[in-house]
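> all I have is the shape, not the residue letters:
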């Protein structure tokens, strides 16, 4: 029993030491995207540096940043070290870098992305509802609710072809 307790405590301490070692390796920062801010506005260093930030944050479209979104920005030393590598190696190094970022920082960045997506969906739903209400207001008495209890009326046909009067002749 004592050996099990010692094993569990040592395992717990080992995990704590490993995560502390990873946390010490993280020298980057967490920034919040502002209104109308682009990735090139956030990071200096050109296209490759922006690509590295995009890969570390798993951003599919660099132009799709939302206000309030939090991004993990690697330290300048890391960016300088990997920016001249081929893209496949940059992807691998970005994954390795993200593995060293403390879980709390990653969670905060992921949660901010979910929050900004929810705000976008809420704004889209609100705009759609407003457009629907505006359209219904413009319909006046022609709205579906105003027609309740009114007998349907068949509209007259404007033009009707007789079967043999078709302007198109088909030859077999």
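On my side now, so go ahead. On a predicted model such as this, the values are computed, not experimentally measured, just so you know.

> residue 71 pairs with what?
Beta-bridge partners recorded for residue 71 (DSSP bridges): residue 31.

> how much space between it and residue 131?
Distance, residue 71 to residue 131, using Cβ to Cβ, to the nearest Å: 32 Å. Bear in mind the C-beta positions are built from the backbone N, C-alpha and C, glycine included.

> over to residue 68?
Residue 68 is 25 Å from residue 131, where distance means Cβ to Cβ.

> which regions of this structure lie under the pLDDT threshold?
Applying pLDDT under 70 to the chain flags the ranges 1, 7, 9-25, 115-122, 124, 135-150, 156-172.

> can you map out the strands along it?
Counting by DSSP state E, the segments of the chain that form strands are 29-32, 70-73.

> could you dump those strands into a markdown table and include distance to residue 5 and mean neighbour count?
Listed next are the strands of the chain as a markdown table, based on distance: least, Cβ to Cβ, whole Å; neighbours: other Cβ atoms under 10 Å:
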| stretch | distance to residue 5 | mean neighbour count |
| --- | --- | --- |
| strand 29-32 | 38 | 14 |
| strand 70-73 | 38 | 20 |
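
> can you count the residues close to residue 93?
For residue 93, the neighbour count with other Cβ atoms under 10 Å is 19.

> wait, it sits on residue 83?
No - look at residue 93 against residue 83 with Cβ atoms under 8 Å: they stay out of range, at 9.9 Å.

> what distance separates the start and the end of stretch 65-77?
Terminal residues of stretch 65-77 lie 24 Å apart, using Cα to Cα, to the nearest Å.

> contacting residues around that stretch?
Residues outside stretch 65-77 that contact it (Cβ atoms under 8 Å, 6 or more residues apart in numbering): 27-35, 37-39, 42-43, 45, 52-53, 56-57, 59, 97-98, 101, 105-106, 108-109, 112-113, 115-117, 119-120.

> what subset of the residues you listed is buried?
Listed as buried from the contacts of stretch 65-77 are 28, 30-31, 33, 39, 42-43, 52-53, 56-57, 59, 97-98, 101, 105-106, 109, 112-113, 116; burial here means 16 or more other Cβ atoms under 10 Å.
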